[in-house]
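Chemist: sequence? don't have it. structure:
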């Protein structure tokens with residue numbers, strides 16, 4: 001009987017560890033959070049100061065100065081975000097985002113042309129890619 005309890009406890013912890021959330025420290029107070037299929041976002045420790053990129057992030061890259069991300073929005077937007085974002089072309093389009101960490105500035109949702117212009121304006125290195 002004790003072996004069955006031990007196996008049950010082991011199985012419980014094995015299953016629990018497989019379903020846990022993933023978080024990645026992106027530096028300067030920013031975190032990437034993956035809570036499953038539809039909740040993948042980036043937020044600052046205090047979003048009202050440093051901004052956020054709401055769900056659902058498809059890909060991202062970062063360095064010491066910038067975070068770039070590609071997103072297909074989850075609409076309607078979850079109420080957990082600090083602000084409501086306007087997606088002019090709906091939720092079937094891919095949008096782009098740029099975070100300038102040292103200024104705590106978040107640009108997005110952007111189309112690809114706007115995104116490339118801002119990358120050039122702020123000097124985002126070509127080594128960051130989506």
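Modeler: Right, received. Where do you want to start? Predicted model, so just to flag it, every value in this text is computed and none were measured. Numbers count the residues shown, from 1 in each chain.

Chemist: And the strands in this protein?
Modeler: Along the chain, the segments classed as strands by DSSP state E run 22-27, 30-34, 40-44, 52-53, 57-62, 66-71, 95-100, 105-110.

Chemist: nearest to residue 85, of these?
Modeler: Judged by Cβ to Cβ, the one of those that comes nearest to residue 85 is strand 105-110, at 5.9 Å. C-beta: built from backbone N, CA, C; applies to glycine.

Chemist: Direction included, what does that closest one pair against?
Modeler: Counting by DSSP bridges, the strands paired with strand 105-110 are strand 95-100 (antiparallel).

Chemist: roughly how far is the partner strand from the heart of the chain?
Modeler: Chain-centre distance of strand 95-100: 10 Å, with Cα atoms, centre = their mean, to the nearest Å.

Chemist: re earlier: now tabulate the strands of the chain in JSON lines and tack on mean neighbour count, distance to residue 121 and mean pLDDT.
Modeler: What follows is those, written out as JSON lines (neighbours: other Cβ atoms under 10 Å; distance: least, Cβ to Cβ, whole Å; pLDDT from 0 to 100):
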{"stretch": "strand 22-27", "mean neighbour count": "13", "distance to residue 121": "21", "mean pLDDT": "96"}
{"stretch": "strand 30-34", "mean neighbour count": "17", "distance to residue 121": "20", "mean pLDDT": "96"}
{"stretch": "strand 40-44", "mean neighbour count": "22", "distance to residue 121": "21", "mean pLDDT": "95"}
{"stretch": "strand 52-53", "mean neighbour count": "26", "distance to residue 121": "19", "mean pLDDT": "94"}
{"stretch": "strand 57-62", "mean neighbour count": "17", "distance to residue 121": "18", "mean pLDDT": "97"}
{"stretch": "strand 66-71", "mean neighbour count": "22", "distance to residue 121": "12", "mean pLDDT": "98"}
{"stretch": "strand 95-100", "mean neighbour count": "23", "distance to residue 121": "9", "mean pLDDT": "98"}
{"stretch": "strand 105-110", "mean neighbour count": "18", "distance to residue 121": "10", "mean pLDDT": "96"}
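
Chemist: CSV for those strands, including distance to residue 122?
Modeler: CSV is the format used below for those (distance: least, Cβ to Cβ, whole Å):
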stretch, distance to residue 122
strand 22-27, 17
strand 30-34, 16
strand 40-44, 17
strand 52-53, 16
strand 57-62, 14
strand 66-71, 7
strand 95-100, 6
strand 105-110, 9
